[in-house]
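**Q** With the input below, show me the fold.
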Amino acid sequence: MKIADIKANAYSMPFASPSYPKGPYRFINREFLIISYRTDPKKLRELVPEPLAIDDPIVSYEFIRMPDSSGFGDYTESGQVISVIDEQGRRGGYTHMMYLDDEAPIAGGRELWGFPKKLARPKLMVDSDTLLGTLDYGQVRVATGTMGYKHADLDCAAEQKKLLETPNYLLKIIPHVDGSARVCELVRYYLQNVNVKGAWTGPARLELFQHALAPVADLPVLEIVGAKHLVCDLTLGLGEVAYDYLKP
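**A** Down below sits the predicted model:
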């Protein structure tokens, strides 16, 4: 194999059989259960990386079904997104933890954007009159979210506007061969080509349980402030470097 061939074809690991194809990455009928809650602001300040800051101590716990994802297949995801303010004063979301059940989006999400993805067993389903989300890490239940199924409509156009305009942030870390950080960046990305097909709300509850390797309960639920159920098509846009922690 020639050096030129390596340069021309290197975009993912392993080189001989990449875990995912090149984008764009389009999601059809992507379904969200998002339960937003107020938590301990002191704990958030310990976790949110500068130059991001927090105002209202709000966390959105998400359960996401992705049955038709180009390059990634059919999978489910669950995790926490913290409400933050960036240097320009814009409100956005910082993804704190994510757990999913498919190797391709774990590899792609970590390598490309820096999503904090780990292997686990999340589920999102309709249980009689309830929208039910669960997350199991190994054999242990670490999160359960419930919402009344389609109790009230939300404005699809308004939800679409929010998804399109909200900047999303990730802390991307790639180690050097000596174990030190070779890449350490705050990455910003946006959702693109969003089409919200349905949006609903209802009464919701969220339970988080302690686990050493899936510490979602470290951000305790103090008060539920809202919940929504969305079904949409969207493209996951590639990112840009918002802040390079290693640059002098």
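**Q** quick one: pLDDT of residue 224?
**A** What the model reports as pLDDT for residue 224 is 98.
**Q** Please read the previous query as pertaining to residue 181.
**A** Listed pLDDT for residue 181 reads 94.
**Q** Would you mind confirming that it makes contact with residue 172?
**A** No - if you go by C-beta atoms under 8 Å, residue 181 and residue 172 don't touch, sitting 10.0 Å apart. C-beta coordinates here come from the backbone N, C-alpha and C atoms, glycine included.
**Q** Look at those two and report which has more neighbours.
**A** Per other C-beta atoms under 10 Å, whichever of residue 181 and residue 172 has more neighbours is residue 172, with 19 against 12.
**Q** Need the contact partners of the host helix or strand of the more buried one.
**A** Secondary structure from DSSP states H and E places residue 172 in strand 168-175. The contact list for strand 168-175 (C-beta atoms under 8 Å, 6 or more residues apart in numbering) reads 49, 52, 81, 84, 86, 92-95, 111, 113-116, 181-191, 239, 242.
**Q** Name only those of the residues you listed that count as buried.
**A** By neighbour count, with 16 or more other C-beta atoms under 10 Å, these hold 52, 81, 84, 86, 92-95, 111, 113-116, 184-191, 239, 242 as buried.
**Q** Okay, and which of the residues you listed map to strands?
**A** 81, 84, 92-95, 184-189, 191, 242 (DSSP state E).
**Q** Out of the residues you listed, which comes closest to residue 127?
**A** Comparing these against residue 127 with C-beta to C-beta places residue 81 closest, at 23.9 Å.
**Q** out of all of them, which helix in the chain is the longest?
**A** Looking across the chain with DSSP state H, the single longest helix is helix 156-165.
**Q** residues touching residue 73, list them.
**A** With C-beta under 8 Å, 6+ apart, residue 73 has these contacts: 102, 104, 105.
**Q** rewinding a little: any chance of the ones in strands among the buried ones among the contacts of strand 168-175 in a markdown table, plus distance to residue 7 and pLDDT?
**A** Formatted as a markdown table, those follow (distance: C-beta to C-beta, whole Å; pLDDT from 0 to 100):
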| residue | distance to residue 7 | pLDDT |
| --- | --- | --- |
| 81 | 36 | 98 |
| 84 | 37 | 98 |
| 92 | 35 | 97 |
| 93 | 35 | 97 |
| 94 | 34 | 98 |
| 95 | 31 | 98 |
| 184 | 24 | 98 |
| 185 | 22 | 98 |
| 186 | 27 | 98 |
| 187 | 23 | 98 |
| 188 | 27 | 97 |
| 189 | 25 | 97 |
| 191 | 31 | 96 |
| 242 | 27 | 97 |
